[in-house]
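Enquirer: sequence and predicted structure below; questions after.
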Amino acid sequence: MITFFIAGLLVHVVFFISIFDIYFTSPLVHGMKPQHLPLPPPAKRLVLFVADGLRADSLFKPEINGTVRAQYLRYLPHERGAWGISHTRVPTESRPGHVALIAGFYEDVSAVAKGWKENPVEFDSVFNESRHAWCWGSPDILPMFAKGASGSHVHTYTYPATMEDFASTDASKLDTWVFHEVKGFFNSAKENQTLLSILHEEQTVFFLHLLGIDTNGHAHRPMSKEYLDNIGLVDDGVAEMVSVFEEFYGNDGKTAYVFTSDHGMTNWGSHGASHLSETLTPLVVWGAGVQIAQRTFTSQTYDDNYLEEWGLETYRRIDVNQGVLPLQYLDNSQHFKAESMHANAIQILEQFKVKMKQKKETTLSFLFTPFLTDSKQAEFVRHARELIQIGRFDEAIDGCQALIGLALEGLAYYHTYDRFFLACSVLLGFTGWTAYVILIILKTHAGLRKPPTSRDLPVSLMAIQLLLLGVDATLLVHTEALPHRNAIAQTPPRCNSLNAMCPQVLQVALCTYVLASTHSSLQQKRGLPLFNQLVSWATLASSFVLPLLSSTRLFHRLLSILMALVGVYLLLSTGYEALFPLALSWLMFGWINMEQETMSTQGMSNRTELSSFDFTETIDLTRIRQLRLDDIRRSYFFVFFIIIAFFGTGNIASINSFDPASVYCFLTVFNPFIMGGLLMWKVLIPFVIVMCAFESIQVSTRLSSRSLFLIVLVISDLMALHFFCLVKDYGSWLDIGTSISHYVIVMSMTIFLMLLSIMTHILTSRRIVIGRKMKMHFT
Ligand SMILES: [Zn+2]
Ligand SMILES: [Zn+2]
């Protein structure tokens with residue numbers, strides 16, 4: 001049996017890791033030659049403003065009374081800049097948004113294996129390619145660009161993470177901090193000769209990351225006064241910064257400015273998915289080498305109504321999709337544009353070549369089908385070069401754009417080259433393994449004989465059970481369990497557990513009060529009261545101890561565990577999900593009673609009152625029975641309830657893009673570890689409830705847990721097979737995360753359930769008796 005478990009573990013680990021090889025491989029390649037323009041650049045330095053979480057319409061759209069929020073940025077296209085909408089891609093989160101802006105590629109989905117925080121692969125960025133880069137902003141964003149840079153030419157200035165307290169203070173302070181620091185930096189530079197000369201070199205980049213708008217949007221929604229006022233503040237700040245730069249450099253006309261945003265935000269204050277409010281971000285570009293927005297009096301061909309809504313229909317709008325150089329923004333000769341486009345095309349073609357070479361090396365030569373042959377590539381490049389030499393720049397640009405399209409297509413082709421073959425192998429492997437487990441069950445545990453009693457009763461009972469479970473669990477409890485409920489009430493007072501219940505009931509009431517008062521206090525911006533915080537943590541700590549003090553009789557212990565968990569769950573709730581554990585526990589109550597009833601009608605055991613069972617009863621080994629068809633139903637229901645418990649309110653994916661509001665009773669300062677831990681526990685609570693119910697059923701029906709494990713294994717493998725086909729590597733992090741978590745959950749279910757069953761076993765059967773302990777102390 002041991003070898004079987006080890007083999008099973010191994011098989012599952014291999015299948016689990018396989019999705020990372022199949023779906024989540026890095027699209028990046030290394031070892032390309034950097035391309036340079038032979039012509040001098042129009043600007044010596046770039047100033048990049050990124051207003052995190054700013055929607056395009058929030059910036060451009062005038063208010064109902066006609067006034068404009070962002071006086072400076074909104075009117076730039078009128079005089080000295082170009083504008084457009086930049087279309088971001090899912091996942092619309094800060095990390096991939098900034099990676100796309102600054103490093104020029106779409107976030108690597110292999111980041112999924114590293115928790116999206118660490119750099120999944122080394123990448124090059126415009127900061128690294130610059131001579132010097134200075135960055136001010138959030139500690140969540142800046143370090144990833146400093147980390148990948150070679151040498152020490154990327155300088156970052158970040159505020160402490162505790163400043164991102166999104167509950168009580170004014171988030172726009174994050175932006176004023178950045179503006180203030182930049183001013184201070186240039187003031188001190190005037191007195192520092194070495195810094196002064198470095199600052200006047202070419203190829204410098206300044207990056208101002210402004211997180212206030214995003215934070216205000218999450219806390220107050222994008223229609224709020226806080227969000228809109230913050231846009232005004234950023235607008236004033238940008239205007240001030242421009243004057244600081246111009247003054248410092250003596251208006252030398254060599255500074256280019258770009259203002260944009262990494263992603264937008266939905267009306268309900270979230271981002272991550274592909275809604276237009278999340279993917280449309282503003283882009284305003286001005287300064288050295290930038291075309292001024294042309295006046296146009298013919299209608300522009302966009303199928304949205306933004307131009308009219310925003311009153312910008314007479315200024316040429318230039319939209320940007322990442323990856324390809326937007327030539328229309330450049331104010332330069334056709335020759336310069338053609339050379340730039342050529343360099344862009346060669347750069348992407350280089351990536352394609354490296355990717356193709358890698359694939360060729362790892363594929364058997366007769367199975368390899370090239371996407372674009374070497375001679376064809378050379379032909380494209382030669383043709384473009386010739387066109388530039390004879391001065392036919394427009395044609396050269398067209399040719400380069402076609403080449404870019406082909407090369408991008410080829411990159412995607414090679415990236416997914418092995419996917420089909422690998423997926424088929426895993427599917428076959430899965431099927432084989434599952435068949436093997438079924439055979440073992442049939443061989444060693446098959447007690448597939450007919451039930452001793454008449455068949456009609458159990459079948460009809462099972463039908464009723466299914467129906468009732470699906471339709472209404474409370475109804476079931478009323479019809480089935482009334483006598484048992486009376487039995488609880490009539491429990492003789494010799495157990496002191498009822499006394500233990502009283503504080504627990506009070507505790508749940510206190511939790512309700514704390515939840516309400518915390519949220520009202522946060523709404524009035526008074527922060528989290530210390531008393532509430534203390535009660536919350538005390539409740540959390542006591543929830544592990546209090547159940548152990550109560551009686552081990554079946555329903556007493558279950559009730560005690562439930563109340564301890566409900567208190568904690570309540571504190572972690574943001575809305576109606578607080579009712580979920582209650583509804584789930586009613587369902588579990590019904591289930592326990594039904595299984596007991598089925599057992600007794602089949603004559604499997606003497607009819608025993610459920611309330612008389614005790615968790616500490618040692619299970620008599622001689623009374624453990626052979627596996628029956630009924631047990632398939634039991635394990636099926638078990639898996640079903642585990643899934644319900646998991647997807648009832650949220651899952652791991654919702655931790656990836658979670659709503660911090662659910663931990664406000666415990667802390668309001670951003671701390672990913674504590675917050676993650678608390679949310680994890682919130683996700684686990686429904687599991688514990690189901691597990692406890694199952695423990696009760698094991699006790700009351702004398703089920704062998706090993707044979708049960710095999711059935712659960714087969715069921716979970718079949719589900720894993722299904723979810724394997726549904727894994728996605730494209731979409732919002734929520735989509736990707738959900739698809740992975742479905743697979744991961746099912747895969748790790750067996751291991752996870754074993755661990756959880758140990759925990760619930762302790763929770764249900766152990767008991768701490770305070771009096772006796774004290775005695776032991778004294779002797
Ligand atoms: Zn962001
Ligand atoms: Zn955000």
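Expert: Okay, I see it. Numbering: from 1, shown residues only. Ligands and ions are numbered 1, 2, ... in the order given.
Enquirer: for the rest of this, base every contact and every neighbour count on C-alpha atoms.
Expert: OK.
Enquirer: output stretch 357-373 as CSV, restricted to C-alpha atoms.
Expert: Taking Å, rounded to 0.1, in the frame of the first residue of the first chain, the C-alpha atoms of stretch 357-373 are listed here in CSV:
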residue,chain,number,x,y,z
LYS,A,357,16.5,28.4,-32.9
GLN,A,358,15.6,27.3,-29.4
LYS,A,359,12.6,25.3,-30.7
LYS,A,360,14.7,23.7,-33.5
GLU,A,361,17.3,22.5,-31.0
THR,A,362,14.7,20.8,-28.8
THR,A,363,12.6,19.2,-31.6
LEU,A,364,13.5,16.2,-33.7
SER,A,365,14.5,17.6,-37.0
PHE,A,366,11.9,15.7,-39.1
LEU,A,367,9.1,16.9,-36.9
PHE,A,368,10.1,20.6,-37.2
THR,A,369,8.0,22.8,-39.4
PRO,A,370,9.5,26.4,-39.9
PHE,A,371,7.1,29.3,-39.8
LEU,A,372,9.2,31.8,-41.8
THR,A,373,12.2,30.4,-43.6
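Enquirer: ok now it, how far from the chain's centre?
Expert: 35 Å (Cα atoms, centre = their mean, to the nearest Å).
Enquirer: can you list the neighbours in contact with it?
Expert: Identification of contacts with stretch 357-373 by Cα atoms under 8 Å, 6 or more residues apart in numbering yields 356, 410, 413-414.
Enquirer: just the buried members of the residues you listed?
Expert: Burial by neighbour count, 16 or more other Cα atoms under 10 Å: within the contacts of stretch 357-373 this picks out 356, 410, 413-414.
Enquirer: buried stuff in whichever helix or strand Gly8 is part of?
Expert: Under the criterion of DSSP states H and E, Gly8 resides in helix 2-22. By neighbour count on 16+ other Cα under 10 Å, the buried set for helix 2-22 is 12, 15-16, 18-20, 22.
Enquirer: quick one: the strands in this structure?
Expert: 45-51, 81-87, 132-137, 154-158, 204-210, 255-260, 280-287, 320-321 (DSSP state E).
Enquirer: how about the ones you listed, which one is nearest ligand 1?
Expert: strand 45-51 (8.1 Å; Cα to the ion).
Enquirer: given the closest one, what are its sheet partners and their directions?
Expert: strand 204-210 (parallel), strand 255-260 (parallel) (DSSP bridges).
Enquirer: so that strand, near ligand 1 or not?
Expert: No - applying Cα under 5 Å from the ion, one finds strand 45-51 out of contact with ligand 1, separated by at least 8.1 Å.
Enquirer: and that strand with strand 132-137, angle?
Expert: 20 degrees (axes from the mean of the first three to the mean of the last three Cα atoms, to 10 degrees).
Enquirer: contact partners of strand 45-51?
Expert: 202-214, 234, 238, 254-262.
Enquirer: next, the angle strand 280-287 makes with that strand.
Expert: Using the same axes, to 10 degrees: strand 45-51 against strand 280-287 is 150 degrees.
Enquirer: what's the spacing between strand 45-51 and its chain's center?
Expert: Distance, centroid of strand 45-51 to centroid of chain: 28 Å (Cα atoms, centre = their mean).
Enquirer: picking up where we left off before, so which pair among the buried ones among the contacts of stretch 357-373 is furthest apart in space?
Expert: Greatest spacing in these, by Cα to Cα: Met356 and Tyr413 (9.6 Å).
Enquirer: of the strands of the chain, which shows the lowest average pLDDT?
Expert: For the strands of the chain, the weakest mean pLDDT is recorded on strand 320-321, namely a mean of 82.
Enquirer: and that strand, what does it pack against?
Expert: strand 81-87 (3 or more Cα pairs under 8 Å, 6 or more residues apart in numbering; DSSP states H and E).
Enquirer: which parts of this structure sit against ligand 1?
Expert: Checking the chain against ligand 1 by Cα under 5 Å from the ion, the hits are 52-53, 94.
Enquirer: of all the residues you listed, which comes closest to ligand 1?
Expert: Ser94 (3.3 Å).
Enquirer: count the neighbours of the nearest residue to that closest one once chain neighbours are set aside for me.
Expert: In this structure, Ser94 finds its nearest non-sequential neighbour in Asp262, 6.1 Å apart by Cα to Cα, 6 or more residues apart in numbering. Close neighbours of Asp262, defined as other Cα atoms under 10 Å, add up to 31.
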